[in-house]
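> Here is the input, now give the coordinates:
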Amino acid sequence: MKIRNIDKALFTGVFVGIIIFVKEFFFSDINSFLSIIIGPLAAIISYLVGDKFLTKDEIKN
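Below is the predicted model:
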């Protein structure tokens, strides 16, 4: 397992945690179906963002 995979996993977990916290804090009476959709959607988006920004370029000789 490479270090960048751990970085992406940590970034995804923190991002999803923040999104769930904001959702519960501001929209606590939202429909449960939408709550179930928001978590995985936040995980997919944060994984793609983390993949874009946390990818390290390999040095080619």
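
> Tell me the buried residues in the strand or helix carrying Leu34?
Using DSSP states H and E, Leu34 falls within helix 32-53. If you call a residue buried by 16 or more other Cβ atoms under 10 Å, then helix 32-53 has these buried ones: 38, 42, 46-47, 50. Any C-beta I mention is one placed from the backbone N, CA and C, and that applies to glycine too.

> how about these in CSV, adding pLDDT and distance to Ala9?
CSV is the format used below for those (pLDDT from 0 to 100; distance: Cβ to Cβ, whole Å):
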residue, pLDDT, distance to Ala9
Ile38, 89, 19
Ala42, 92, 14
Ser46, 90, 10
Tyr47, 87, 9
Gly50, 83, 8
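
> could you redo these as a markdown table and give each row distance to Asp29?
A markdown table is the format used below for these (distance: Cβ to Cβ, whole Å):
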| residue | distance to Asp29 |
| --- | --- |
| Ile38 | 14 |
| Ala42 | 19 |
| Ser46 | 25 |
| Tyr47 | 29 |
| Gly50 | 31 |
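
> what about Ser28, is that helix, strand or coil?
What DSSP: H, G, I helix; E, B strand; the rest coil gives for Ser28 is coil.
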